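# mind looking at a prediction? Sequence and model below.
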Amino acid sequence: MLTDNIQRYLHKYSFQTIRLKAVLFDMDGVLYNSMIYHSKSWEETSRRYGFDLTAEESYLYEGQTGRQTINMLAERCWHRPATSEEQEKIYATKCDIFNHYPEAEPMAGAAQLLRQVKSDGFQIVLVTGSGQKTLLNRLDRNYFGIFHNDLEITSYDVHNGKPSPEPYLRGLQKAAVKPWEALVVENAPLGVQAGVAAQIFTIAVNTGPLSDKVLHDAGADLLLPSMTVLSEQWPVIRDSLA
């Protein structure tokens, strides 16, 4: 099955082979089991500002920047874009609500996978649509020695968040690799779309409440049920891509 997935990917972009040099990781729902708190935070923020976003719907927009979500809601409910001042105020409210929830736990299986990837000698790049500093500042504590500032792309580094390919294209630039030399690990449909749009082989791990079909339809090249399963299958995936 994996061989077939790889061949479909290569055929789609007319690439000759994959020569893995870097793995690009999303953060929320991949490194941290944090989406339940993000979704609740967005729902509470929406109530305060007269938006209609539910916790369940917010999973569909995971991966885009906060300003993208706010503008989408403003257009939908206010029938106009949010001003820069409104974006800043609303996102600050969302972050404050998020910070009052319990600290999100590292995602099961993530640390083991990251150690495997590092041990195998591949570059590890963070590519997240988040600007949630309480999580970003925990990376070194929870995943010591894995992530480095010069290989991180956050919402502060892009003009267009996911599903635009810009975040992952910037990640490729940071790592100085081509699309066929990288792998994306994502959990959200917009993130999967971004990885695919950047022409990178994209693995979706379904760690949330969305159906597998949503991630398949987003274009995932491979779909797995958890980070733990991805860690368990990593040697086979590595040997097929390296």
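Nice, I can see it.

# spit out the contact partners of the residue most central in space within the chain.
The centre of the chain sits closest to D26, judged by C-alpha atoms, centre = their mean, with a distance of 3.1 Å. Contacts were defined as C-beta atoms under 8 Å, 6 or more residues apart in numbering; by that measure D26 touches 63, 127-128, 184-188, 191. For glycine as for every other residue, the C-beta is placed from the backbone atoms N, C-alpha and C.

# same check, this time on L224
Taking C-beta under 8 Å, 6+ apart, we find L224 in contact with 203-206, 230, 233.

# next one: K21
K21 is in contact with 122-123, 175, 177, 181-182, counting by C-beta under 8 Å, 6+ apart.

# circling back: so which of the contacts of L224 is the most crowded?
For the contacts of L224, neighbours were counted using other C-beta atoms under 10 Å, and A204 has the most, 31 neighbours in all.

# bridged to that one, which residues?
Note on A204: beta-bridge partners E186, L223, judged by DSSP bridges.

# which residues touch it?
Counting by C-beta under 8 Å, 6+ apart, A204 has contacts 186-187, 192, 215, 218, 220, 222-224.

# tell me the one of those nearest Q116?
Within those, proximity to Q116 (C-beta to C-beta) peaks at L224, which comes in at 14.6 Å.

# distance of that closest one from T207?
Between L224 and T207 the computed distance is 10 Å (C-beta to C-beta, to the nearest Å).

# which parts of the lowest-mean-pLDDT helix or strand in the chain are buried?
Of all helical and strand segments in the chain, the minimum by mean pLDDT, DSSP states H and E falls on helix 133-136, at a mean of 78. The neighbour-count criterion (16 or more other C-beta atoms under 10 Å) identifies 135-136 as the buried residues of helix 133-136.

# which helices and strands does that helix pack with?
In this structure, helix 133-136 makes packing contacts with helix 84-99, judged by 3 or more C-beta pairs under 8 Å, 6 or more residues apart in numbering; DSSP states H and E.

# by contact count, what packs against the helix it packs on?
Using 3+ C-beta pairs under 8 Å, 6+ apart as the contact criterion, the elements in contact with helix 84-99 are helix 35-49, helix 66-77, helix 133-136.
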